[in-house]
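**Q** A structural model of the following input is requested.
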Amino acid sequence: MTVTGYSDPMFNEKVTWSVDGTKPRTPNRPAAAQRSSSAAGSDRPSSGESVRAASRLIMERLPQVKPKAKPKAAPRSSSTVRARPGSPAAVMAAAAAKPAYSAVADKEVELVIDRKAEDVRRSEILTALADMENFDPGQDPRAFHGRAFSALLGEAELPKTVWKSEEKPRKNSPDWLTASEYLDQPEVLQKKVKLLATLLKASHRTLAYTGAGLSVAAGIGMAAVGSKGGAGTGMGVATAGEPTLAHCVMAELNRQNLLHGWVQQNHDGLPQKAGYRQEEINEVHGSWFDPSNPVVKYSGCLRGDLCEDMENQADTADLVIVLGTSLTGLNADQCVTKTAVRSRTGRALGLSIAPRALGSVIISPQKTGSDGQASLRIFAKADDVMLALAKEFGFGPRSIGRSRGVKCSADLFPKQSKVLVPYDKDGRRSTTVQTYWDLSHGQSVRISSFNNLSGANQPQDEKISHKTLGTVTGRDQKSCSISLNIGGVNKRMGIWWLETAMRGGVEYLPVVNVNATEMPQQS
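**A** Residues are numbered from 1 along each chain as shown. Predicted structure coming up:
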């Protein structure tokens, strides 16, 4: 059969390629993965709710976060001056009110969103965005702060330059753009974090879009020029890397139903190691921890269902949070550009149509070519922003990697290697049968028939197909993975896949047992 894919992540050129097996009608994500903030009060499975200890050097400097008591209402006074409803002052005054919290079983806090109030706030922000044009990022200083910030808070002190460079971040960057790095002034950064929290609560659907810069703190190198180096720096293929503080907080945002999807340029599995659910992340460029979705070479093709899902996310996001990417023309950058365009459709374009999205938030020490379209622009390290955000929401210790008994990411996931899962013998999710998924040492396995082995165009996989037999060779706590040898090629699969399979998270398992036996599901 043939599946539509993309011949190169840099362009939108579509080609067709064949895979073994049948392409699903929908992306390899369950209906639950399309959650929106309207389901804020719904229960979620307890899986992955403890976030592993991130970099200990970072953690040691963090204060213990405690939930803040809801402030008492101030007595009314006839002399009180009230801001005009819908004005920028009214929006930010409403945002200053702390949310209510309710305790959960593990003594962490559960954010409770007043959706009706947040929808009113969202409408007010959209009204402000309708009057705000895009900025010239090479000339207009307001591009240092963003359109929503400028509309709601006005002028602010510019960030300071912390690293000067005359080089471009990438060769195809605009001529005016250099790799210089900046840092927001403390008072401005505090305002921006508060506005970020406001946008997250108001958003109907929030998407994360991340690149290599997010994982630099975990020791993984990046391609773009920066103060931490560029191509060839870091650990490269760092399968043993542990999540950063930013990964941990973003996993907590997902658990709190404030982050609903993640399009990941990286291959490192760090979001999942931090507790982010596998079914709610799109590893469109491939993964080091999914044998059925190898890293795609530039000469290869992206997986068709992941491309479709990425395009759907780009078309439906209300807010997109951008971290660690230079935004220099990848096909997946449409997640940012499309959402930003929807935030501007209104009077600023001479149209009567109101904006339909809150737009983009770009978090990076470096400028990007998309800064002028952003609703909020934050110049700081991702870890510092996410720590401040966790404090702003009053999240508990789990969000910053301080869960009791968790020493590494593997401690978050099932210790057993044989689990009962709602999948048939071919690894497809089922509502009628179940099988034992046995990933114990020595078990015979093969890669799922739904795979991108041929599309990825990796030379070592040239002779491997879904019929190639393999063996489970071990379990590695350090890399949080299960080791496999398929047709003489060594591969890894994240331990978190066991937990994902137990809850029926994805449509297809990445590997299946040879001669698996189907059993009826219990009603």
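**Q** where does this protein dip in pLDDT?
**A** For the chain, residues meeting the criterion pLDDT under 70 lie at 1-107, 221-240, 346-354.
**Q** break it down into its structural domains.
**A** Using automatic domain parsing, the domains assigned to the chain come out as 33-61+85-400, 410-520.
**Q** can you verify my assumption that Leu258 contacts Arg205?
**A** No: at 10.6 Å, Leu258 does not count as touching Arg205 under the criterion of CB atoms under 8 Å. The C-beta positions use only the backbone N, C-alpha and C, and glycine is treated the same way.
**Q** so who does the closest residue to Pro422 other than its chain neighbours touch?
**A** Spatial nearest neighbour of Pro422, excluding adjacent residues (CB to CB, 6 or more residues apart in numbering): Gly504 at 4.5 Å. Counting by CB atoms under 8 Å, 6 or more residues apart in numbering, Gly504 touches Pro30, Val421, Pro422, Tyr423, Arg429.
**Q** now the strands: where do they sit in the stretch 301-450 of the chain?
**A** 319-323, 359-363, 376-378, 418-421, 433-438, 444-447 (DSSP state E, counting those that start in this stretch).
**Q** in the chain, which spans are helices?
**A** 56-59, 88-95, 115-130, 147-153, 186-202, 245-255, 270-273, 304-316, 334-342, 382-393, 453-456, 496-502 (DSSP state H).
**Q** among those, which is nearest Leu177?
**A** helix 334-342 (15.6 Å; CB to CB).
**Q** picking up where we left off before, and of the contacts of Gly504, the nearest to Thr316?
**A** Of the contacts of Gly504, the one sitting nearest to Thr316 (CB to CB) turns out to be Pro30, at 16.3 Å.
**Q** contacts only, for the residue positioned nearest the centre of the chain.
**A** The centroid of the chain falls nearest to Trp262 when counting by CA atoms, centre = their mean (3.2 Å). Applying CB under 8 Å, 6+ apart, we find Trp262 in contact with Leu207, Ala208, Tyr209, Thr210, Met250, Asn254, Pro271, Tyr276, Glu280, Ile281, Asn282.
**Q** list the contacts for the last one?
**A** For Asn282, the contact set (CB under 8 Å, 6+ apart) comprises Pro27, Arg29, Gly261, Trp262, Val263, Gln264, Leu306, Asp309, Met310, Gln313.
**Q** nearest to Ala143, of the residues you listed?
**A** When the contacts of Asn282 are ranked by distance to Ala143 (CB to CB), Val263 comes first, at 23.8 Å.
**Q** just name the most buried of the domains of the chain.
**A** Comparing the domains of the chain by mean neighbour count (mean count of other CB atoms under 10 Å), domain 33-61+85-400 comes out on top with a mean of 20.
**Q** adding distance to Ala218, write the contacts of Gly504 out as CSV.
**A** Listed next are these as CSV, based on distance: CB to CB, whole Å:
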residue, distance to Ala218
Pro30, 28
Val421, 30
Pro422, 33
Tyr423, 32
Arg429, 32
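**Q** circling back: and the residue nearest to Pro422, how close does it get to Lys407?
**A** Noted for Gly504: a distance of 29 Å to Lys407, by CB to CB, to the nearest Å.
**Q** how near is Phe135 to Ala340?
**A** Phe135 sits 12 Å away from Ala340, taking CB to CB as the criterion.
**Q** over to Lys425?
**A** 46 Å.
**Q** before we move on, the earlier item: how close does the residue nearest to the centre of the chain sit to Lys201?
**A** 19 Å.
**Q** and Thr431, by the same measure?
**A** 35 Å.
**Q** what does Leu129 give?
**A** Leu129 sits 16 Å away from Lys201, going by CB to CB.
**Q** equivalent analysis for Gln373, please.
**A** As judged by CB to CB, Gln373 and Lys201 stand 22 Å apart.
**Q** before I go, just wanted to say thanks for your time.
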